[in-house]
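# Here is a sequence with its predicted model. Questions after.
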Amino acid sequence: MSTETLARPGGRTSLRERVQSLLTRLDLLLVVLLMMAVLTALQPQFFLTRENLTNIARQISSNAVLALGQFMVVATAGIDLSVGSVMGLCMTVLALLVKSGWPAVAALPAAVLLGAAVGAANGLALTRLHLPHPFIATLATLNVARGATYLLSGGVPISGLTPEVRWLGSADIPVLEGTPFATAFPVSFLVVLALYGVAAVFMGRTATGRHIYAVGGSPKAAQYAGIDVARLLVLVYVLCSALAGVAGVLLAGRVNSAYPTAGLGAELDSIAAVIIGGASFFGGRGTPGGVFLGAVIMGLVRNGLNLMNVSVFWQQVLIGLIILLAVYVDVLRRRAAEVER
Amino acid sequence: MTGDGTGLPLVEMEGITKRFGAVTALRSVDFSVQAGEVVGLVGDNGAGKSTLMKILTGVYRPDAGQIRFEGRRVHFQSPFDSRRLGIEMVYQDLGLAENLDPVANLFLGREISRRFGPWRLLDEAAMERHAREHLASLRVELPSLRTAVEQLSGGQRQAVAIARATAFAARLVIMDEPTASLAVAEAGKVLELIRRLKERGVGVVLISHRLQDVLEVSDRVVVLNRGRVAGVLEGRQARLEEVVALMVGGAG
């Protein structure tokens, strides 16, 4: 045992500790920069263009938002299989509301609230009905929501949304106008950045966020500490599904339609981003920043392989290998930490 | 007997009886702790030690008998009621969130926050300062306050759990097998910690199968045997064989 506590009464966290924690957070960022450098070298005339970069930003928006909600659930050692279906359901309901004359200011919140309601059902099934694992409850809502989507849409896409509804998912905001760096930023990506910013504060700097990590680390410890674990879980599933609603709004805006197969399998992409982003599947670990980079890495892989005309089937193989690698790196890192002790 | 000088017990349990269906777990048990007193609670498995402590912390309600805290009769409906009076329990599994650091664990469920507009944000600096002062006052030494608890040794984790139980004006701390999984040197540090709590006037109940540890720090040792008090011994004078005889002897 060292005597650090005694040696520095009233002192602060040491510089070495801060540098160490910064480095473990930076390694994902290094991966992203490395990938961008490689893609720039391989496709110099395409990759670093404004169109391509804004395209990537737009494309990853939905998955990034889904992954953010999924991360909060995974942080409690849970899983939400329903996010892809909830996204599809919210898109379809949004399109139906718009078609029946609802204005954007009413239809958009309604779609997100519908998502939140499904999340409440997930959370209550888990905590009130005491279903054995979130896998079960969310598998049920995956099917219910997808079925409802087909029933409501009659199995056909609903196209032609109003410009106001599409704005979030498709518009660009010009920035740095009148300077040589003038460019345009996709609104959807600004939404993503704002959501991740709020989530970073929520998870890292509030008592509720701290309790979410505690529940994931040890539900018993959280209970001993007087935390209302059931209420917290319901909150987390509500937030996750509401974010799935937001992801649906963004996607509907981007593709200007709601198609009944939207979000099919998207839950697995969101889980992949969470895992690549360094969160532990066993709960209690990870940060919104890491998950964001996880979503960016997946977007870069897909974009890079598209630019190089590699088939989508190979893209899937590669994503699978990256998941394997990301978790293995985490295993190695934890083993190294144990040796140090 | 060591007390706070007033002679008034901090907690007094009188005639406690608890039945689970046909099984009588406790029969008219009397038990008391004074401020600054360490009471060892020993007995074979199933003797009723943890049932008695669960009644004292409000997890169970007794079928008969009463509890007084500083002379006043109390009725605990849940562990939160007992905690409000300063009765804290250190569970055998420690009840720590291993993925969080010692500061976060010390303040889990009782975080210090500050208002920033619509948000209430954690005041990490204040929590770290309080944690550092509290650990220093208990002379607990940790390699770092900001690495996950899972990186600490068993003895250090136990120290964090005890520090957590005493961080908020605890009057009575109940420890369930705090030395069971520790090496001798680390167990010694935990016993030192118990003595330090005693010096501050905190009452301590020590539940342990390691009878040497119990005899070393306890002012009194209460022996339970099949739900009854088989004997109460002075900690300093009690001999190991005496305690064992009471633990395993025929009832009554």
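Arrived safely.

# Walking through the chain, point out its helices one by one.
No chain in the question, so chain A it is. A:4-7, A:15-42, A:50-75, A:83-99, A:104-127, A:134-153, A:163-170, A:187-205, A:207-217, A:219-224, A:229-255, A:266-276, A:288-307, A:312-340 (DSSP state H).

# meant chain B, my bad for not saying
Under the criterion DSSP H, helices of chain B are mapped to B:49-56, B:79-84, B:102-106, B:124-137, B:154-166, B:184-199, B:211-217, B:240-248.

# Of all those, which one is nearest chain A?
The minimum distance between chain A and the helices of chain B falls on helix B:124-137, with 5.2 Å, by CB to the nearest CB. From N, CA and C alone the C-beta is placed, and that goes for glycine too.

# What helices and strands are in contact with the closest one?
Under the contact criterion of 3 or more CB pairs under 8 Å, 6 or more residues apart in numbering or on different chains; DSSP states H and E, helix B:124-137 touches helix A:4-7, helix B:102-106, helix B:154-166.

# ok now do the residue positioned nearest the centre of chain B, which residues does it touch?
In chain B, the C-alpha closest to the average C-alpha coordinate belongs to B:I174, at a distance of 1.3 Å (CA atoms, centre = their mean). Residues near B:I174 by CB atoms under 8 Å, 6 or more residues apart in numbering or on different chains: B:M53, B:L56, B:T57, B:I87, B:E88, B:M89, B:V90, B:V204, B:V205, B:I207.

# so how far is A:V329 from it?
As judged by CB to CB, to the nearest Å, B:I174 and A:V329 stand 43 Å apart.

# what's the burial count for the spatially closest residue to A:L29 that is not a sequence neighbour?
Distances taken as CB to CB, 6 or more residues apart in numbering or on different chains place A:L293 nearest to A:L29, at 6.3 Å, with adjacent residues excluded. Neighbours of A:L293 under the rule other CB atoms under 10 Å in any protein chain shown: 23.

# And A:A125, how far from chain B?
25 Å (CB to the nearest CB, to the nearest Å).

# cool, A:Y213 as well?
On the measure of CB to the nearest CB, A:Y213 and chain B end up 6 Å apart.

# Dump the contacts of B:I174 to CSV, plus neighbour count.
Shown next, in CSV, are the contacts of B:I174 (neighbours: other CB atoms under 10 Å in any protein chain shown):
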residue, neighbour count
B:M53, 20
B:L56, 24
B:T57, 19
B:I87, 27
B:E88, 23
B:M89, 24
B:V90, 24
B:V204, 27
B:V205, 25
B:I207, 23
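
# when you check these against the strands, which ones overlap?
Counting by DSSP state E, the contacts of B:I174 place B:I87, B:E88, B:M89, B:V90, B:V204, B:V205, B:I207 in strands.

# closest to chain A among those?
Among these, B:M89 lies closest to chain A (CB to the nearest CB), at 8.1 Å.

# Please name the bridge partners of the nearest residue to the closest one once chain neighbours are set aside.
Excluding its sequence neighbours, the residue lying closest to B:M89 (CB to CB, 6+ apart) is B:I174, at 4.7 Å. When assigned by DSSP bridges, B:I174 has beta-bridge partners B:M89, B:V205.

# where does B:I174 sit relative to A:M91, distance-wise?
For B:I174, the distance to A:M91 - CB to CB - is 55 Å.

# burial count for residue 157?
Went with chain A since none was named. That count, for A:P157 with other CB under 10 Å as the rule, works out to 16.

# nope, chain B
Around B:R157 there are 22 residues (other CB under 10 Å).

# show me the residues around the closest residue to B:G58 other than its chain neighbours that make contact.
Among residues not flanking B:G58 along the chain, B:F76 sits closest, at 3.0 Å (CB to CB, 6+ apart). Neighbour list for B:F76: B:L56, B:T57, B:G58, B:R61, B:I67, B:S82 [criterion: CB under 8 Å, 6+ apart].

# so the third one sits right up against B:S82, yeah?
By that I understand B:G58. Yes: with contacts counted by CB atoms under 8 Å, B:G58 reaches B:S82, the gap being 4.4 Å.

# Which residue does the stretch 151-252 of chain B have closest to chain A?
For the stretch 151-252 of chain B, CB to the nearest CB, closest residue to chain A: B:Q151, 5.6 Å.

# residues near that residue, how many?
Neighbours around B:Q151, by other CB under 10 Å: 17.

# can you check B:P79 too?
B:P79: 18 neighbours (other CB under 10 Å).

# Contact partners for it?
Residues near B:P79 by CB under 8 Å, 6+ apart: B:T57, B:G58, B:V59, B:M89.

# Now do the same contact list for the last one.
With CB under 8 Å, 6+ apart as the criterion, the residues that contact B:M89 are B:M53, B:T57, B:P79, B:A165, B:V173, B:I174, B:M175, B:D176.

# is it true that the first one touches B:L206?
No: B:M53 is beyond contact range of B:L206, at 10.8 Å (criterion: CB under 8 Å).

# quick one: common contacting residues for the two?
By CB under 8 Å, 6+ apart, B:M53 and B:L206 have these common neighbours: B:L41.

# one step back: farthest-apart pair in the contacts of B:M89, please.
Of all pairs drawn from these, the greatest distance, 15.4 Å, lies between B:P79 and B:M175 (CB to CB).

# And the ones in strands among the contacts of B:I174, which is closest to B:D123?
Taking CB to CB as the measure, B:E88 is the one of those closest to B:D123, at 22.9 Å.

# which residues sit against stretch A:117-124?
With contacts defined as CB under 8 Å, 6+ apart, stretch A:117-124 is touched by A:80, A:82, A:86, A:89, A:134, A:137-138, A:141, A:145, A:233-242, A:244.

# pLDDT averaged over that stretch - what is it?
Averaged across stretch A:117-124, the pLDDT comes to 97.

# Return it as CSV; C-alpha atoms alone will do.
Extracted C-alpha coordinates of stretch A:117-124, given in CSV (Å, rounded to 0.1, in the frame of the first residue of the first chain):
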residue,chain,number,x,y,z
ALA,A,117,-44.0,5.2,-24.7
VAL,A,118,-42.6,2.0,-26.2
GLY,A,119,-39.6,2.5,-23.9
ALA,A,120,-41.8,2.8,-20.9
ALA,A,121,-43.4,-0.5,-21.9
ASN,A,122,-40.0,-2.1,-22.1
GLY,A,123,-38.9,-0.7,-18.7
LEU,A,124,-42.2,-1.7,-16.9
